[in-house]
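1. Fold the following, please.
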Amino acid sequence: MDGGESASVADVLQILADDYSRRILLAADEEPRTAKDLSDICDASLATIYRRVSTLQDYELVDERSTVDDDGAHRRKYETTLEALHVEMDDGELAGAVRTRDELADNFTDLWSNLRDRT
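-> Numbers count the residues shown, from 1 in each chain. Model prediction:
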């Protein structure tokens, strides 16, 4: 999938069938993680992590964020955007919805919370 298209229910089910992809999504949902962190948590090579993260990014299920550590080192961290997956079976058909976090809304909420906390 190219161009960052949204994932369909079938796409997400296919991705969730892969153990490493599931583990990455769960670990990166707890908090943003580096590829090294994910490698340790998932007991997988960095190459495996990067391949799975690339696929998850293609389906907009993981966001990449750049951070700067206290020592000035730049790090890429990955965070799960998948929020909910609803699947229904009706008359032999599979239907449902994939819901991801709205980054803009999340950023606005964080900004508002920070401003409110400072006053």
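2. Provide a list of residues in contact with residue 74.
-> Residue 74 makes contact with 66, 67, 68, according to C-beta atoms under 8 Å, 6 or more residues apart in numbering. From N, CA and C alone the C-beta is placed, and that goes for glycine too.
3. cool, residue 53 as well?
-> 24, 35, 38, 62, 64, 78 are the contacts of residue 53 under C-beta under 8 Å, 6+ apart.
4. quick one, helices of this protein?
-> Taking DSSP state H as the test, the helices found in the chain are 9-16, 19-30, 35-42, 46-58, 103-118.
5. Taking their axis directions, the fourth one and helix 9-16 sit at what angle?
-> Read it as helix 46-58. Here the directions of helix 46-58 and helix 9-16 differ by 170 degrees (axes from the mean of the first three to the mean of the last three C-alpha atoms, to 10 degrees).
6. what is the orientation angle of helix 46-58 with helix 19-30?
-> 70 degrees.
7. Flag every buried residue along helix 46-58.
-> 49, 52, 53, 55, 56, 57, 58 (16 or more other C-beta atoms under 10 Å).
8. close enough to count as contact, the fifth one and residue 23?
-> Just to be clear, that refers to residue 56. No. Using C-beta atoms under 8 Å, residue 56 makes no contact with residue 23, being 11.3 Å away.
9. avg pLDDT for stretch 43-62?
-> Taken as a whole, stretch 43-62 has a mean pLDDT of 95.
10. typo on my end, it should be stretch 80-97
-> Here the average pLDDT along stretch 80-97 is 87.
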